[in-house]
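Participant: Predicted model and sequence follow; I will ask about them next.
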Amino acid sequence: MDVVLLGGPGAGKGTQAQILQKHFGYRQISTGDLLREHRNGGTELGKAAEGFMKRGELVPDELIIKMVEGELRDDADVLFDGFPRTVAQAEALDALLDARGRGTPGAVYFQIDRALLEERLRGRWTNPRTGRVYHETFNAPKVAGIDDEDGGPLVQRDDDKPETIKRRLDVFEAQTMPLVEYYGRGKSHRLVAIDATLPVDEVTHQLIHALGLEHGH
Ligand code: AP5
């Protein structure tokens, strides 16, 4: 089953998607990572998205939906990381999956308070090549600024500045929180909430249980 990871900026969606992708054969589709690739590659989409991302606002639905559609293939189950973020995107995803005979996705809501999200984003360091994520206090690399896995440099994201973090959290509360209701109410959808305040391995543990992965995937 395809799974939507639903949670505020900094809730740990990317961290967990990378772990599940590595150990359980899912494919991570992170709209944030895809947009950053477009922006760094200077594509038309990247240029159109840049201003929204810099301000911590959502990129228009039609651009995002088209980008995700281009990523869907009939292979591994997908972990949607950072998508959908609006009700319009969720409805479009249902239609895209339905047209491919994939059924409606499950959803996992990462529950966490705003103060902890801010702390997580302020201390985040990322490998821009692989998307692997660290935190200077909670999940530190062995050598500061260097990825444990490939030795590549770690950078701080330019939308992890205090004023942009505040905007992203406001946008999440106004535009993405309604998806908790969207995925919680329907007959065909399935929403599970997990405690995202716990350490990384404990969050992984909850996900394994919530997705029924105890005996593999
Ligand atoms: P995007 O890249 O998706 O950013 P986001 O949703 O704001 O999510 P983050 O990547 O910030 O957080 P995360 O939950 O993945 O946390 P992480 O694992 O890194 O989007 C960026 C921008 O792109 C948006 O603002 C928007 O403009 C645009 N965009 C993207 N998708 C869009 C869409 N669908 N529609 C419209 N616009 C879109 O963890 C955070 C930190 O915490 C790390 O340092 C990590 O090491 C640490 N950490 C993680 N888990 C734990 C734990 N359990 N305990 C302690 N520390 C932890």
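Facilitator: Yes, it's here.

Participant: Let me see the ranges of the strands in this structure.
Facilitator: 3-6, 27-30, 78-81, 106-111, 124-126, 133-135, 190-195 (DSSP state E).

Participant: closest one to H38 among those strands?
Facilitator: Taking CB to CB, strand 27-30 is the member of the strands of the chain nearest to H38, at 12.4 Å. All C-beta atoms are positioned from the backbone trio N, CA, C, and that covers glycine.

Participant: thinking again about what came up before, now distance to M67 too, for the strands of the chain, in TSV please.
Facilitator: Listed next are these as TSV, based on distance: least, CB to CB, whole Å:
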stretch	distance to M67
strand 3-6	16
strand 27-30	9
strand 78-81	12
strand 106-111	20
strand 124-126	20
strand 133-135	21
strand 190-195	25
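
Participant: To N40, which of these lies closest?
Facilitator: N40 sits nearest to strand 124-126 of all these, at 12.7 Å, using CB to CB.

Participant: helices or strands up against that closest one?
Facilitator: When contacts are defined as 3 or more CB pairs under 8 Å, 6 or more residues apart in numbering; DSSP states H and E, strand 124-126 packs onto strand 133-135.

Participant: Would you mind listing what in this protein touches the ligand?
Facilitator: When proximity is defined as CB under 6 Å from any ligand atom, the chain approaches the ligand at 7, 9-15, 31-32, 35, 52-53, 56-59, 64, 82-83, 85, 89, 120-121, 123-124, 133-135, 138-139, 159, 168, 198-200, 203.

Participant: who's in contact with F24?
Facilitator: F24 makes contact with 213, 216-217, according to CB atoms under 8 Å, 6 or more residues apart in numbering.

Participant: now with 10 Å?
Facilitator: In this structure, F24 makes contact with 76-77, 79, 207-208, 211, 213, 216-217, judged by CB atoms under 10 Å, 6 or more residues apart in numbering.

Participant: Just the residues you listed: which are in helices?
Facilitator: When the contacts of F24 are checked against helices (DSSP state H), the matches are 207-208.

Participant: Wait, K66 touches A48, no?
Facilitator: No - look at K66 against A48 with CB atoms under 10 Å: they stay out of range, at 11.0 Å.
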